[in-house]
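**Q** what's the 3D shape of this:
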Amino acid sequence: MLGDLVDAFTSSITMKSTGGEGGTGQLRLTLMTARDGGSSFLLGIAQPTGPKARQEVDAVPESVSLS
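**A** Here you go, the predicted structure:
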C-alpha cells in the first residue's frame, strides 16, 4: 500500500480574486516524503470552486502511484 511507503501532508486553500475576472479558486498542495528519503509534491488547482471542481482536485492525490 502507498501509505506504507510514504508520509503525506496536505494543505487546501480557497482563494478569492478581486481583480481581473474575479471569482474564487481552490488550491491543494500535497507534500509526500518517501521512507527511503525521496520527496515530491502534487499541486491541484480548480477555478471556479464547487463540488465538481473539488472532486477533481481531490482525485489528484487519490490517483498517485509509485513506480
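
**Q** mind checking which residue lies nearest the centre of this protein?
**A** In the chain, the C-alpha nearest the mean C-alpha coordinate belongs to Arg28, at 3.5 Å (CA atoms, centre = their mean).

**Q** which outside residues touch the helix or strand where that one lies?
**A** Element membership of Arg28, judged by DSSP states H and E, is strand 23-34. The contact list for strand 23-34 (CB atoms under 8 Å, 6 or more residues apart in numbering) reads 5-17, 39-49, 53-54, 57-58, 60-61, 64, 66. (C-beta placed from N, C-alpha, C; glycine too.)

**Q** just the C-alphas of that strand, formatted as PDB.
**A** Backbone C-alpha positions of strand 23-34 (Å, rounded to 0.1, in the frame of the first residue of the first chain) are rendered in PDB as follows:
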ATOM      1  CA  GLY A  23     -14.100  34.700  -8.700                       C
ATOM      2  CA  THR A  24     -12.800  32.000  -6.400                       C
ATOM      3  CA  GLY A  25     -10.400  29.100  -6.800                       C
ATOM      4  CA  GLN A  26      -9.200  26.200  -4.800                       C
ATOM      5  CA  LEU A  27      -5.500  25.200  -4.400                       C
ATOM      6  CA  ARG A  28      -4.500  22.000  -2.800                       C
ATOM      7  CA  LEU A  29      -0.800  21.100  -2.200                       C
ATOM      8  CA  THR A  30       0.200  17.600  -1.100                       C
ATOM      9  CA  LEU A  31       3.800  17.000   0.000                       C
ATOM     10  CA  MET A  32       4.900  13.400   0.000                       C
ATOM     11  CA  THR A  33       8.100  12.100   1.700                       C
ATOM     12  CA  ALA A  34       9.200   8.600   0.800                       C
END
